[in-house]
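Asks: Any chance you could fold what I've pasted below:
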Amino acid sequence: MSAPATTFADSAGSIGNVDAVTVYESSSDDYAMANGVLSVREKSGTKRDYKWGGSLCPGRNVSAASISMLFDALRSQTQVEIVPSYKVGNGATRCLTGFKLSFDRPEVAG
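Replies: Next comes the predicted model:
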């Protein structure tokens, strides 16, 4: 009898705002390591990077539509919050596997 395969769910990053989105084209020297980087400014003030593609995150690709949504969130800055989903890749890199975007509604004093 064999042991069941273990599947690890994606991990959720901390909530924050999109601080930067970097896309590397195939002609870039950085493309072999990562195809792109999402930088999130967490509520604590920490800046955390999530990468996709390349040797750091093989098989972890982000679609053009998702990249477009990330740029829209970047333009909206503090009005849109993001919770990235990731799996750990090579070199303990956080590899982006998805994200949740939500409108940041200010608290109303009652």
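Asks: immediately after the helix or strand encompassing Ile82, which helix or strand?
Replies: In this structure, Ile82 sits in strand 80-88 according to DSSP states H and E. Downstream of strand 80-88, the next assigned helix or strand under DSSP H and E is strand 94-103.
Asks: by how many degrees do that next one and strand 80-88 diverge?
Replies: Counting by axes from the mean of the first three to the mean of the last three Cα atoms, to 10 degrees, strand 94-103 lies at 160 degrees to strand 80-88.
Asks: Next, the buried residues of strand 94-103.
Replies: Neighbour-count burial for strand 94-103 flags Arg94, Cys95, Leu96, Thr97, Phe99 (criterion: 16 or more other Cβ atoms under 10 Å). Where C-beta positions appear, they are placed from N, C-alpha and C, glycine not excepted.
Asks: doesn't Lys87 make contact with the second one?
Replies: Yes: contact criterion Cβ atoms under 8 Å: Cys95 and Lys87 qualify, at 5.2 Å.
Asks: Can you work out which residues contact both of these two?
Replies: Residues touching both Cys95 and Lys87 (Cβ atoms under 8 Å, 6 or more residues apart in numbering) are Arg60.
Asks: for the protein, which spans come out with low pLDDT?
Replies: 1-7, 108-110 (pLDDT under 70).
Asks: which residues in it form helices?
Replies: 64-76 (DSSP state H).
Asks: May I see the buried residues of strand 94-103 arranged in CSV, with distance to Asp30 as well?
Replies: Below are the buried residues of strand 94-103 laid out as CSV (distance: Cβ to Cβ, whole Å):
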residue, distance to Asp30
Arg94, 17
Cys95, 15
Leu96, 16
Thr97, 20
Phe99, 21
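Asks: so which of these comes closest to Gln79?
Replies: Of all these, Phe99 has the smallest distance to Gln79: 15.8 Å, by Cβ to Cβ.
Asks: quick one: the closest one and Asp72 touch, right?
Replies: No: taking Cβ under 8 Å as the definition, Phe99 is not a contact partner of Asp72, at 12.0 Å.
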